[in-house]
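Provide a 3D model corresponding to the input given below.
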Amino acid sequence: MSDAVPPFDLDFVRGQFPAFDEPSLDGWAFFENAGGSYACRQTVDRLHAFYTKTKVQPYAPYPASTEGGRQMDDAYIRLAGVLNVGSDEVHIGPSTSQNTYVLAHSFRSIWADGDEIIVTNQDHEANTGVWRRLADTGIAVKEWKIDPETGVLDPALLESLITERTKLVAFPHCSNIIAHDNPVAAICSTLRARGIVSVVDGVSAAPHGLPDVHALGADIYLFSAYKTWGPHQGVMTVRRSVCDSLTNQSHYFNDDSIRTRLIPAGPDHAQVAAMNGVVDYIDALHEAHFDDGAMPNERGQRVHDLIRAREIALLTPLLEFLESRNDVRVLGPTNPEVRLPTVALLSGRDPHDVARDLVEHKVMAGAGNFYGLRAIEGVGIPSDPGVLRVSFVHYTAPEEVEQLITALDAAL
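Down below sits the predicted model:
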């Protein structure tokens, strides 16, 4: 992360989100962002405009259709620029869960019985369950286990699982329970040197700044747009050489269509076009905080670093408060430099009761397993009732963090 991070303009940022102008949400502190962020104004405006002006079948010769198709094309190109990948490497589907399901089917068709893949028990079920099911089809599935005390993945253990038949490793950039910022670039470099495909679940990391996927070295990187201030879509980048090796999962006549061969349902035209809103917002953040222009990937990384510095500052007092108590266990690291701002915790009370008590303080948070059952159980906690989870992003105000701390102090 760059040292030259400018002061964060919270008023500008919150002015980009209609939720902060909504009377019914006034006074409420939103700490369930890991389940879905507020949509930025740019996304909302893009959706409204598409449904109003261009909600027709795209790519026909008449003006409304041509414009709709142009907006969809722009979304792929502009998003690719921020992520630092080719525009033909961006795929937008209905959800990350659906995207991984399609990927698993496509990969299975090019593997032989007895080939091996590695998954973790730190993942959200979307990036582990679909791969594990391939065991029923003749693929050997190995598990890279988290440390039962810390919840962290040890890269040395991964090395011990790799053999000459290992084809793919699926792991998270950041768990939605443990929240450790895993060393993705180092892991992907190791895998590429061995000719092994890396599938990185970035759903819990991307809301804290879209990554430079090229720098990470991930063959496949997945995230959910509705958690990155956008529409309800799943985004994945697939290295072109990897995509070309996979079998078409769409209609037979789409085999040569790079944007549809891994999206069998076809694109949601309006929501694909609305992905421009996410890039519009990143550009607006860059313009508000940096004086000079830059290429899209540099703008993306500057905004990433701006967001990351802001969130570390917000996360620090929360972790310090939780560490000061002897009746709370925080899952994962308590160093804000290596943790993203999703905090799952266990106390002596039922987490669902605690979540209900937080409502009295106008704090929105959740309890349960959050599809991270394996991670919760991996650190010795029953997945039912699970944990209390509080999560935020860069638009959270310091006063809201204090509101959360006060509420937790009363509820725990």
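
can you give me the strands for this structure?
Taking DSSP state E as the test, the strands found in the chain are 29-30, 90-93, 116-120, 140-144, 166-172, 197-201, 220-224, 234-238, 328-330, 342-347, 363-364, 366-368, 387-391.

could you dump these into a markdown table with mean pLDDT, mean neighbour count and distance to R356 added?
The way it works is simple: take the backbone N, C-alpha and C, and place the C-beta from them, glycine included. Shown next, in a markdown table, are the strands of the chain (pLDDT from 0 to 100; neighbours: other CB atoms under 10 Å; distance: least, CB to CB, whole Å):
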| stretch | mean pLDDT | mean neighbour count | distance to R356 |
| --- | --- | --- | --- |
| strand 29-30 | 98 | 20 | 15 |
| strand 90-93 | 98 | 24 | 35 |
| strand 116-120 | 98 | 23 | 32 |
| strand 140-144 | 98 | 17 | 35 |
| strand 166-172 | 98 | 24 | 29 |
| strand 197-201 | 98 | 26 | 30 |
| strand 220-224 | 98 | 27 | 27 |
| strand 234-238 | 98 | 25 | 31 |
| strand 328-330 | 98 | 17 | 18 |
| strand 342-347 | 97 | 24 | 14 |
| strand 363-364 | 98 | 20 | 11 |
| strand 366-368 | 98 | 19 | 9 |
| strand 387-391 | 98 | 26 | 11 |
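
can those go into JSON lines with extra columns for distance to A39?
Shown next, in JSON lines, are those (distance: least, CB to CB, whole Å):
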{"stretch": "strand 29-30", "distance to A39": "12"}
{"stretch": "strand 90-93", "distance to A39": "16"}
{"stretch": "strand 116-120", "distance to A39": "30"}
{"stretch": "strand 140-144", "distance to A39": "35"}
{"stretch": "strand 166-172", "distance to A39": "24"}
{"stretch": "strand 197-201", "distance to A39": "22"}
{"stretch": "strand 220-224", "distance to A39": "13"}
{"stretch": "strand 234-238", "distance to A39": "15"}
{"stretch": "strand 328-330", "distance to A39": "29"}
{"stretch": "strand 342-347", "distance to A39": "19"}
{"stretch": "strand 363-364", "distance to A39": "16"}
{"stretch": "strand 366-368", "distance to A39": "19"}
{"stretch": "strand 387-391", "distance to A39": "16"}
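
the ones you listed: which one's closest to P267?
strand 90-93 (6.2 Å; CB to CB).

with just CA atoms, put the closest one into CSV.
C-alpha atoms of strand 90-93 as CSV (Å, rounded to 0.1, in the frame of the first residue of the first chain):
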residue,chain,number,x,y,z
VAL,A,90,-14.2,-10.3,-17.5
HIS,A,91,-17.3,-12.4,-17.1
ILE,A,92,-20.5,-11.2,-15.4
GLY,A,93,-23.1,-13.7,-14.3
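
buried residues, stretch 298-316. List them.
298-312, 314-315 (16 or more other CB atoms under 10 Å).

of the residues you listed, which belong to helices?
Of the buried residues of stretch 298-316, the ones assigned to helices by DSSP state H are 298-312, 314-315.

what is the neighbour count of the closest residue to M295 other than its chain neighbours?
In this structure, M295 finds its nearest non-sequential neighbour in G81, 7.5 Å apart by CB to CB, 6 or more residues apart in numbering. The tally of other residues near G81 (other CB atoms under 10 Å) stands at 20.

tell me who's in contact with G81.
V279, M295, P296, N297, G300 (CB atoms under 8 Å, 6 or more residues apart in numbering).

for the nearest residue in space to R14 that is not next to it in sequence, the count of nearby residues, please.
Spatial nearest neighbour of R14, chain neighbours left out: F20 (4.6 Å); criterion: CB to CB, 6+ apart. Using other CB under 10 Å, F20 has 15 neighbouring residues.

now for the nearest residue to A185 once chain neighbours are set aside: which residues touch it?
Using CB to CB, 6+ apart and skipping the chain neighbours, the partner closest in space to A185 is L216 (5.1 Å). Neighbouring residues of L216 by CB under 8 Å, 6+ apart: H173, V184, A185, C188, V200.
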